[in-house]
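> Sequence plus predicted model, see below.
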Amino acid sequence: MTVISAIRGARDLLPGDLPRWRRAERAAERCFALYGYGEIRTPVLERAELFARQLGEHTELVEKQMYLFADGDGGDTLALRPEATVPTVRAALQSGMHRNLPARLWYRGAMFRRERPQRGRYRQFWQIGAEILGAQSPSADAEQILLTARLWRELGVDGRLRLAVNNLGDGEERARHREKLREHFRANAAEMGEDAARAETNPLRLLESRDAKTAAVARDAPKLSDELGDASRKHSDAVCESLTRAGVAFSQDETLVRGLDYYNLTVFEWSLAGDDRRQNALCGGGRYDGLSQQIGGPPMPGCGFALGLDRLVDLLAEPPRETPDCFLTLTEECAREFAGELAEHCRDAGLTVWRHIGGGNLARQLKKADAAGAKTALIIGSREAAARRVTIKRMSDGDQREAEFAKAPAQIKAAIAGDGVRDGDGDGGNNNDDSVN
Ligand code: HAM
C-alpha cells in the first residue's frame, strides 16, 4: 500500500523546519509593533468576483492560477485567496474601519496559486504582508519600504537583497502609455514571439516577456516615464528621497510592472542580488489608490507589500536547536507517579522537561538525555520516590546533587547556572537543598 501524498506544490512543514519560520515571523512581528501595525486575519475562502477585476482579468494570476469552485449547486463561485491585499481592503470596508483612518494592518497566512511548482514556487505558499489604508502621502510608501529594510537587517539578510522601485503613474498616464505600447507592438508584430497577441489585452506584460524575440522588441518600447505628469513625479521623488536619507540603496527600474493590476504610482520589489529572475522576488508591493472604489467602497488610498515566507526562510541560517532544561529518566516503574508529579512541578516553575518514553537502563536513558542536548537529567527510582526527592545530574560535567520535591526547581536552575554544585555522591548525603531557596 502506498501512502497518499500531499498534492503537488503543497508542502508539509515539519518540526525541524519550523524554527527558521518562527524566527522570520517573530522578527516581522517585532517590526510591525515598532511601526504600529495591528494584525488582521481574513478567511482563506472569498467570493471569486472579489479578485477577478481587482487583480486584473488579463493577468496570469486571474487567467490561469486561481483555485475556483462552485459552492454547492447554483452557489457562488468561491476562490482560495491568491493574495491578501484585496481581502484586507474588503475587510476594512466591511468592518467600517474606513471611517477611522489611517489604518495600519499586517497579516500572515497561506495563499494559493496554481503555478508550476519548483523550488521557491509553490501552489500553497505563505506570505507576511502589511497595508496602510487611508494614507496618500509618499511617507506611507517610504515607511513600508523602510520597515522591510529593517526586517532584512534584523534577520541578517540585508546584504543579499536588492531593491527596485518604479513609478506607475496614475490611470490616465498609464492608459496613454498602454495605447502607445499597443501601437509599438502592432507595428513590430512580425518580429515578435508567440505572445504577440497579448499586445491588445495586456501590453504591459509583454515588457516582462521571457520570449527572446518579444523581449528585443520590448526594449525599444515607449516608456511610461515619458507620460508622467508633475504630481506623479513629485510623489515618487519624495519616496526616493526618503529612502536615500535613510541610507536604503535602490535602483529605479522602469521594467518593474508587477503582476497585479491594482497598482498606481509606487511599486517596489526586493529580490536576491545577482538573481535576474523576476519571478523569484522575495517581497513586492506598492500603492493601490483605486482599489477601494473598485470593490464598491469610498475613495481610500492605500499601499502595502507582501513577502514570500517560503523564499525568505530559505535564506536564513538554522537557529540553535531547542534543548530541554531537564530530561526526566525513570529507573523503576513504581516511581512513575512521583516522576509525573515532579515533572509538572518543574514545568510550573518554567523549566522545560522532556520525559523519557520507553524502557531501558539508566545508562541508555542518560544517552538519550545527552542526544537531546538536555542541560540536566533528573533521575528518579524507588529510593527517590519514597523520599520524595530527585537526583539532578548536570550533563555538561556530570556533577550531581539531590533536592527535595519543593526545592527541586530552584536546585535545577542553580545547577544549570553552574553555581553551588559539588561532586555529588548520589547517596542522598549531598544535600544542597539549603544552598538555594
Ligand atoms: P506578489 O508579488 O504577487 O504580491 O507576492 C508577494 C510575494 O509572495 C512574492 O514576492 C513572493 O515572494 C511570494 N510569492 C508569490 N507567489 C509565490 C509562490 N507561488 N510560491 C512562493 N512564494 C510566492 C502580492 O501578493 C501583493 N498582495 C503584495 C501587496 C501587498 N501589494 C500591496 N500590498
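It's in.
> Only C-alpha atoms from now on, for both contacts and neighbour counts.
Noted.
> can stretch 167-184 be found next to the ligand?
No: Stretch 167-184 stays clear of the ligand (CA under 6 Å from any ligand atom), getting no nearer than 13.4 Å.
> Can you give me the buried ones in that stretch?
Applying a neighbour-count criterion of 16 or more other CA atoms under 10 Å, one finds 167-170, 173-174, 177-178, 180-184 buried in stretch 167-184.
> try stretch 388-400
For stretch 388-400, by 16+ other CA under 10 Å, it's Arg388, Arg389, Val390, Thr391, Ile392, Lys393, Arg394, Met395, Asp399, Gln400.
> got a markdown table for those residues, with secondary structure and distance to Asn264 too?
Converted to a markdown table, the buried residues of stretch 388-400 look like this (DSSP: H, G, I helix; E, B strand; the rest coil; distance: CA to CA, whole Å):
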| residue | secondary structure | distance to Asn264 |
| --- | --- | --- |
| Arg388 | coil | 71 |
| Arg389 | strand | 70 |
| Val390 | strand | 67 |
| Thr391 | strand | 68 |
| Ile392 | strand | 64 |
| Lys393 | strand | 64 |
| Arg394 | strand | 62 |
| Met395 | coil | 60 |
| Asp399 | coil | 67 |
| Gln400 | strand | 68 |
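> Tell me which two of these sit farthest apart.
Taking CA to CA, the two most distant members of the buried residues of stretch 388-400 are Arg388 and Met395; they sit 22.2 Å apart.
> Can you find the helix or strand in the protein with the smallest mean pLDDT?
Lowest by mean pLDDT, DSSP states H and E among the helices and strands of the chain is helix 60, with a mean of 80.
> residues making contact with that one?
Helix 60 is contacted from outside by Gly259, using CA atoms under 8 Å, 6 or more residues apart in numbering.
> residues in this protein within reach of the ligand, list them.
Residues of the chain lying near the ligand (CA under 6 Å from any ligand atom): 83-85, 113, 115, 120-123, 125, 127, 129, 131, 281-286, 303-308, 310-311.
> Give me the subset of these lying in strands.
Among the residues of the chain next to the ligand, the members falling in strands (DSSP state E) are 125, 127, 129, 131, 283-286, 303-308.
> can you give me the strands in the stretch 251-400 of the chain?
251-252, 264-272, 283-287, 302-308, 326-330, 353-355, 376-380, 389-394, 400-404 (DSSP state E, counting those that start in this stretch).
> In TSV, list those along with mean pLDDT.
Rendered in TSV, the data for the strands of the stretch 251-400 of the chain read as follows (pLDDT from 0 to 100):
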stretch	mean pLDDT
strand 251-252	96
strand 264-272	96
strand 283-287	98
strand 302-308	98
strand 326-330	97
strand 353-355	97
strand 376-380	97
strand 389-394	97
strand 400-404	96
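> and Val239, which of these is closest to it?
That would be strand 264-272 among these, by CA to CA, at 8.1 Å.
> so what strands line up beside the closest one?
strand 161-167 (antiparallel), strand 283-287 (antiparallel) (DSSP bridges).
> deepest of the ones you listed, which one?
Each of the strands paired with strand 264-272 was scored by mean neighbour count; the highest is strand 283-287, a mean of 25, by mean count of other CA atoms under 10 Å.
> Taking strand 302-308 as reference, get the angle to that one.
Strand 283-287 and strand 302-308 are oriented at 170 degrees to each other (axes from the mean of the first three to the mean of the last three CA atoms, to 10 degrees).
> Report all helices and strands that the helix or strand where Arg108 lies contacts.
Assigned by DSSP states H and E, Arg108 belongs to strand 103-112. Contacts defined by 3 or more CA pairs under 8 Å, 6 or more residues apart in numbering; DSSP states H and E place strand 103-112 against strand 38-39, strand 124-133.
> what's the offset of the first one from the middle of its chain?
The gap between the average C-alpha position of strand 38-39 and the chain average comes to 14 Å, counting by CA atoms, centre = their mean, to the nearest Å.
> now do stretch 87-95
Worked out by CA atoms, centre = their mean, stretch 87-95 lies 21 Å from the chain centre.
> show me the contacts for Gln365.
Thr329, His356.
> And for the closest residue to the ligand within the stretch 1-150 of the chain, the neighbour number?
Closest approach between the stretch 1-150 of the chain and the ligand, counting by CA to the nearest ligand atom: Arg121, at 3.4 Å. Residues near Arg121, counting by other CA atoms under 10 Å, number 19.
> What residues does Thr77 make contact with?
Thr77 sits in contact with Arg47, Ala48, Glu49, Leu68, Phe69, Ala70, Asp71, where contact means CA under 8 Å, 6+ apart.
> Dump those to TSV, plus neighbour count, pLDDT and secondary structure.
Output for those, formatted as TSV (neighbours: other CA atoms under 10 Å; pLDDT from 0 to 100; DSSP: H, G, I helix; E, B strand; the rest coil):
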residue	neighbour count	pLDDT	secondary structure
Arg47	18	94	strand
Ala48	20	93	helix
Glu49	13	92	helix
Leu68	15	93	strand
Phe69	14	91	strand
Ala70	13	92	strand
Asp71	12	91	coil
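> Pick the one among those closest to Glu241.
For these, the nearest to Glu241 is Glu49 (38.3 Å; CA to CA).
> just for this protein, where's the confidence low?
Low-confidence segments of the chain (pLDDT under 70): 276-279, 419-437.
> which residue is nearest the centroid of it?
Closest to where the C-alpha atoms of the chain average out (CA atoms, centre = their mean) is Leu309, at 3.5 Å.
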